[in-house]
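Peer 1: Model the following, please.
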Amino acid sequence: MLENPRSPRVRAVAKLVKRSARQETGLFLLEGPQAAREVLAYRPDTLVEMFATPTALERHPDLRSAARDAGIEIEYTTEAVLEAMADTVTPQGIVAVARQTPTSVRDVFADAPRLVAICEEVRDPGNLGTIIRAADAAGADAVVLTGRTVDPYNPKVVRATTGSLFHLPVAVAADLATTVERARAAGLRVIAADVGGGDFLANRDLLAEPTAWLFGNEARGLEEEALAHADLSLRLPIYGSAESLNLATAASVCLYESAFAQRAGRTA
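Peer 2: Numbers count the residues shown, from 1 in each chain. Alright, predicted model coming up:
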């Protein structure tokens, strides 16, 4: 059992909270039983280490079985060690370290996708994690991050995805223009979600076609240069008195509208 919160091994895990350590090692931090359950189910090949307190494993005996089936040995720790490793204030007794497995933008668009989310300058970890989760739930083929969008392996992003990070490809691209070119070459229409865009309902029929949704920064939205890359921009209607929709909420609506339209088209 690991008992020393200041040991080099514990500190190495705790450092993964920082982007510099993640970039240097190619590893990232997972916390909680749900994240552990998802990585064991979908990407056990990426797991490097898994740690848990005895109490946590008693509460989640399925994780012990899943780890054994995947050939992963869970190492016991004290509560103090687990707290030293974790990013959260009140960790749930389970921490894991996994290898990052980003997908290339080339591969995303080589597989003839029908629905992709492109996130340009999305800075809030909770928003990005929720968009990845919504894209997964809506059956999207991939999520592509451009500009200075937050690191998808940031612990807060990972937690907000609730495991969806392991379900669909997530690509990090340096350049929006190149991403849009690849999307168009793959036959997708690029639609920007923007408060100054056209009427959503009047253009709803377009959503049955292969689409790459472009989402911008939480505070500023999409810059003019970014908007110029889109084929068109649409705004979601506000029927009540709300000033606007949260980015992740708006993205969820857009992705699901595309999912509904595309599935209706397949069964028509």
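Peer 1: residues in contact with residue 214?
Peer 2: 118, 120, 180, 190, 191, 192, 193, 222, 226, 229, 230 (CB atoms under 8 Å, 6 or more residues apart in numbering). Quick note: C-beta positions are derived from backbone N, CA and C, even for glycine.
Peer 1: Could you name the helices and strands sitting against the strand ranked longest in the chain?
Peer 2: When the chain is parsed with DSSP state E, its longest strand is strand 189-199. Where contact means 3 or more CB pairs under 8 Å, 6 or more residues apart in numbering; DSSP states H and E, strand 189-199 is packed against helix 176-185, strand 211-215, helix 224-227, strand 232-235, helix 247-267.
Peer 1: That one versus helix 247-267: what angle between them?
Peer 2: 110 degrees (axes from the mean of the first three to the mean of the last three CA atoms, to 10 degrees).
Peer 1: please begin residue numbering at 55 from this point
Peer 2: Right, with 55 as the first residue, what we last looked at is strand 243-253.
Peer 1: relative to helix 230-239, how tilted is strand 243-253?
Peer 2: Per the same axes, to 10 degrees, the angle that strand 243-253 makes with helix 230-239 is 100 degrees.
Peer 1: Return the distance of strand 243-253 from the chain's centre.
Peer 2: The chain centroid and the centroid of strand 243-253 are separated by 22 Å under CA atoms, centre = their mean, to the nearest Å.
Peer 1: I'd like the contacts of residue 268 as JSON lines, with distance to residue 94, pLDDT and neighbour count appended.
Peer 2: As requested, these are exported to JSON lines (distance: CB to CB, whole Å; pLDDT from 0 to 100; neighbours: other CB atoms under 10 Å):
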{"residue": "172", "distance to residue 94": "30", "pLDDT": "98", "neighbour count": "32"}
{"residue": "174", "distance to residue 94": "33", "pLDDT": "96", "neighbour count": "25"}
{"residue": "234", "distance to residue 94": "36", "pLDDT": "96", "neighbour count": "24"}
{"residue": "244", "distance to residue 94": "36", "pLDDT": "98", "neighbour count": "21"}
{"residue": "245", "distance to residue 94": "36", "pLDDT": "98", "neighbour count": "25"}
{"residue": "246", "distance to residue 94": "38", "pLDDT": "97", "neighbour count": "25"}
{"residue": "247", "distance to residue 94": "34", "pLDDT": "96", "neighbour count": "25"}
{"residue": "276", "distance to residue 94": "38", "pLDDT": "93", "neighbour count": "24"}
{"residue": "280", "distance to residue 94": "38", "pLDDT": "94", "neighbour count": "22"}
{"residue": "283", "distance to residue 94": "39", "pLDDT": "95", "neighbour count": "21"}
{"residue": "284", "distance to residue 94": "39", "pLDDT": "96", "neighbour count": "22"}
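Peer 1: Any chance of CSV for the residues you listed, columns distance to residue 163?
Peer 2: Shown next, in CSV, are the contacts of residue 268 (distance: CB to CB, whole Å):
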residue, distance to residue 163
172, 11
174, 16
234, 10
244, 12
245, 16
246, 18
247, 20
276, 20
280, 18
283, 15
284, 16
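Peer 1: quick one on the thing from earlier: so which of the helices and strands packed on strand 243-253 comes closest to residue 71?
Peer 2: helix 301-321 (22.3 Å; CB to CB).
Peer 1: Let's test this: mean pLDDT of that closest one, rounded?
Peer 2: Helix 301-321 shows an average pLDDT of 90 in the prediction.
Peer 1: so it versus strand 265-269, what angle?
Peer 2: Using the same axes, to 10 degrees, helix 301-321 lies at 170 degrees relative to strand 265-269.
Peer 1: re earlier: most tightly packed of the helices and strands packed on strand 243-253?
Peer 2: strand 265-269 (a mean of 28; mean count of other CB atoms under 10 Å).
Peer 1: still on that earlier bit, would TSV of the helices and strands packed on strand 243-253 with distance to residue 160 be doable?
Peer 2: Output for the helices and strands packed on strand 243-253, formatted as TSV (distance: least, CB to CB, whole Å):
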stretch	distance to residue 160
helix 230-239	7
strand 265-269	15
helix 278-281	21
strand 286-289	25
helix 301-321	23
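Peer 1: Could you point out which of those sits nearest residue 90?
Peer 2: Of all the helices and strands packed on strand 243-253, helix 301-321 comes closest under CB to CB, at 24.0 Å.
Peer 1: I appreciate the help and will end here.
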